[in-house]
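Novice: give me coordinates for this.
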Amino acid sequence: MSLLAETTRRIDEIAARAQSTGRVPSLALAVVRDRAVLHFAAAGEQPRPDQKTQYRLGSITKTITATLVMQLRDEGFFALDDLLYRHLPGTPIGDVTLRQLLGHVSGLQREPDGLWWERNPGGDVESLLAGLTYEKVAGAPFRRFRYSNLAYGLLGAVLERVTGQTWAELAGKRVLDPLGMKRTTYAPVEPYARGYVVHDLGGALHEEPRPDTGAMAPAGQLWSTVTDMAKWAGFLADPAPGVLSRETVDEMCAPVVIGDLESWTVGHGLGPQLFRVGERVFVGHGGSMPGYVAHLAVHRRSRLGVIAFANAYGLTGDHIREVALRALTTAVDAEPERVAVWRPPVVPVGEAAELCGRWWWMGNEYEVVPDGSALVMTGPWHRTRFVQEAPDRWRGVAGNNEGEVLAVLRGGDGDVGALDIATFVYRREPGHLA
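Specialist: As a prediction, this is how the structure comes out:
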C-alpha cells in the first residue's frame, strides 16, 4: 500500500526543507507501516541517501536495551523493582531500581565522568563501575525527569552480569536477528554515511570520529538503515511475540514520567519516549552522536511510523524531532484509515451465550457481544473486552475495566440474574439503579 500523491509531495518537501535549512550533507526521511517503507524521501548528496545506507542511531539504541531488560524480566531473571546493588553489588548508587533507570527517574546525573564518552573509545564494564561514586546521584528518585545516559550504561552492565553475555551478543541474538534486522550493527558496515560537523561560518565539513563506546554502548552505539528501522517501528506498533508480548510492549509505552510539566508534550516510558502532538501521542526515541542525529516516531493505532536520519550536528536533536513529528502528523492526518472487513459474528455458545445481549446500570444501556472466544461490553461509560477465567468469572483484558473481574450472579434456578463488575451490578431490566 502506497501513500497518496499529495502526502508524498508534502513528505518530500519536509525532507528537502530540513536538509537545506539544517545545512546537513544528507538527510533520509521515510514513512513506514507494517515493517515496510511506504515512501522514502532523500535530500542531500554526501552521500545521496538510500534505504540501505547506515546512519548512527544514537539513543534510539536505548529502545533495544530496554527491550532486552523487559525480555529478561519476563523470563524471571530479575524484577524491575530490584535495587541495583542486587545485580551490581558494591556500587555506591545501588539504592536505585531498574525501573527508575529505564524511565530516567533514578536521579542519576546525565553522563559518566571522564572524557566525553560519545567522542572517545569507551572502557569496559569494570571501568564504568569503578568510576561510580555517590555524587553521581544528582537528585532524589522520582522527584522529576532527569535524562541519563549513565543509567543505560548501568542497565547494560546488569544485562551482562545476569546472563554472562555481552550486551552486543544479547542485542543480536535476542532482538536484531529474530526481527531480521541484518543491517543493524554494532560498528558501521558499508555503505554508511560519514558524520560531520558543519562549520558555522564557511560551511566546511569536518568528519567526526566513530568510536566504540564500550560499556556505554547500550546508550547509543548502534548503526542502522531505513529498511531495518521500518522493522523496528513495526515491532513497536505490532509486537512480535517471539521477542516481546504485546502486553509487555504496552507496558513499555505507558508513561512513567512527564518531561515538561507545563505543556505535557514530552514524556518517557520504560525505554520509549512519548511525544504528544495535538490529541495524539506518538512513541519512539531520538538519537544523536557526534556527526549524526536520528529520530523514530510511531503512531501505534494506525501503525504508521517515521524514521529520520541526518549526518551532521547542524540539524540539532530538537530539530530532527520536529522534522519527524511533522512528517508523521502529515501522514496520519492525510492517509485514510484502513476499513476493517465486516464478518458475521461467531455464534456464542455455553456461558457466553447466556451473557450476550442488553444490560442496564444506573439507567444506562450496555450491550454484550461475542468477540471470538471473548466478550465485549459496550455502553456510555466504558467499552471492555473480557475473557473467561473460570465458570461465572471473566477478566477484563482491554478497555476501561482492564484487570477487573466480571462475576456472573445467578439466581436459585441457576439462571443469570446480573453481572457484577467491580461492585457495579448490571441487570437485564432498565428499572434497576444499582
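
Novice: so which residue is dead centre in this structure?
Specialist: Pro272 (3.8 Å; CA atoms, centre = their mean).

Novice: which ones are touching the closest residue to that one other than its chain neighbours?
Specialist: Distances taken as CB to CB, 6 or more residues apart in numbering place Val283 nearest to Pro272, at 4.5 Å, with adjacent residues excluded. The way it works is simple: take the backbone N, C-alpha and C, and place the C-beta from them, glycine included. With contact set as CB atoms under 8 Å, 6 or more residues apart in numbering, Val283 has these partners: Leu236, Cys253, Gly269, Pro272, Gln273, Leu274, Phe275, Ala297, Val298, Arg300.

Novice: can you tell me the element Val283 falls in?
Specialist: strand 280-289 (DSSP states H and E).

Novice: after that strand, next one along is what?
Specialist: Criterion used, DSSP H and E; the element after strand 280-289 is strand 292-299.

Novice: just the C-alphas of the helix or strand just after that next one, formatted as PDB.
Specialist: Downstream of strand 292-299, the first helix or strand assigned by DSSP H and E is strand 304-310. Extracted in PDB, the C-alpha atoms of strand 304-310 (Å, rounded to 0.1, in the frame of the first residue of the first chain):
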ATOM      1  CA  LEU A 304       2.300   4.500  10.800                       C
ATOM      2  CA  GLY A 305       5.800   5.500  11.700                       C
ATOM      3  CA  VAL A 306       8.500   7.900  10.500                       C
ATOM      4  CA  ILE A 307      12.300   7.400  10.500                       C
ATOM      5  CA  ALA A 308      14.600  10.400  10.100                       C
ATOM      6  CA  PHE A 309      18.400  10.400   9.700                       C
ATOM      7  CA  ALA A 310      20.900  13.100   9.100                       C
END
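
Novice: just checking, what packs against the helix or strand hosting Thr384?
Specialist: Take DSSP H and E as the rule and Thr384 turns out to sit in strand 383-390. Where contact means 3 or more CB pairs under 8 Å, 6 or more residues apart in numbering; DSSP states H and E, strand 383-390 is packed against strand 374-378, strand 393-399.

Novice: so which of these gets nearest Leu38?
Specialist: strand 393-399 (27.6 Å; CB to CB).

Novice: got the angle between that closest one and strand 383-390?
Specialist: If you take axes from the mean of the first three to the mean of the last three CA atoms, to 10 degrees, strand 393-399 sits at 150 degrees to strand 383-390.

Novice: show me where pLDDT drops low in this protein?
Specialist: 1, 115, 138-140, 142, 314-318, 432-434 (pLDDT under 70).

Novice: which stretches in it count as helices?
Specialist: 5-22, 61-74, 98-102, 125-130, 149-163, 167-171, 217-220, 226-237, 246-253, 317-334, 350-355 (DSSP state H).

Novice: the residue lying closest to Trp361 once chain neighbours are set aside pairs with what?
Specialist: Distances taken as CB to CB, 6+ apart place Tyr426 nearest to Trp361, at 4.7 Å, with adjacent residues excluded. Taking DSSP bridges, one obtains Leu419 as the residues bridged to Tyr426.

Novice: now the helices and strands packed on strand 383-390 as JSON lines including distance to Thr184 and mean neighbour count?
Specialist: Output for these, formatted as JSON lines (distance: least, CB to CB, whole Å; neighbours: other CB atoms under 10 Å):
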{"stretch": "strand 374-378", "distance to Thr184": "36", "mean neighbour count": "19"}
{"stretch": "strand 393-399", "distance to Thr184": "31", "mean neighbour count": "17"}
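
Novice: out of these, nearest to Gly305?
Specialist: strand 393-399 (22.2 Å).

Novice: circling back to that earlier point, correct me if wrong: the residue nearest to the centre of the chain contacts Val281.
Specialist: No: Pro272 lies out of contact with Val281 (CB atoms under 8 Å); the separation is 10.7 Å.

Novice: rewinding a little: nearest to Thr63 among the contacts of Val283?
Specialist: Closest to Thr63, out of all of the contacts of Val283 and judged by CB to CB, is Pro272, at 5.7 Å.

Novice: hmm, back to that, distance of the residue nearest to Trp361 from Val249?
Specialist: 32 Å (CB to CB, to the nearest Å).

Novice: how about Ala308?
Specialist: Distance from Ala308 to Val249, by CB to CB: 22 Å.

Novice: looking at these two, which has the bigger crowd around it?
Specialist: Ala308 (33 against 25; other CB atoms under 10 Å).

Novice: for the more buried one, what are its contacts?
Specialist: Neighbours of Ala308 in contact, by CB under 8 Å, 6+ apart: Ala18, Leu27, Ala28, Leu29, Ala30, Ala294, His295, Leu296, Ile320, Val323, Ala324, Ala327.

Novice: do that again at 6 Å, thanks
Specialist: Leu29, His295, Ile320, Val323, Ala324 (CB atoms under 6 Å, 6 or more residues apart in numbering).

Novice: equivalent analysis for Met229, please.
Specialist: Ile307.

Novice: quick one on the thing from earlier: from the contacts of Ala308, pick the one nearest Ser148.
Specialist: Nearest to Ser148 among these, with distances taken as CB to CB, is His295, at 19.6 Å.

Novice: Leu375 pairs with what?
Specialist: Pro370, Phe386.

Novice: quick check: it vs Trp361, distance?
Specialist: 16 Å.

Novice: can you tell me how far the residue nearest to the centre of the chain sits from Ala233?
Specialist: Counting by CB to CB, the gap from Pro272 to Ala233 is 11 Å.

Novice: and Gln100, by the same measure?
Specialist: Relative to Ala233, and taking CB to CB, Gln100 is found at 27 Å.

Novice: cool, Leu261 as well?
Specialist: 28 Å.

Novice: ok, the two, which is more surrounded?
Specialist: It is Ala233, of Leu261 and Ala233, that has more neighbours when counted by other CB under 10 Å, with 30 against 9.

Novice: wait, doesn't the more buried one sit right on Ala30?
Specialist: No: using CB atoms under 6 Å, Ala233 makes no contact with Ala30, being 9.2 Å away.

Novice: who wins for neighbours among the contacts of Ala308?
Specialist: Neighbour max across those (other CB under 10 Å) = His295, 33 neighbours.

Novice: what is that one paired to in the beta sheet?
Specialist: In beta-bridge terms (that is, DSSP bridges), His295 pairs with Gly286, Ala308.

Novice: go ahead and confirm it touches Ala324.
Specialist: Yes: contact criterion CB under 6 Å: His295 and Ala324 qualify, at 3.9 Å.

Novice: cheers, nothing more for now.
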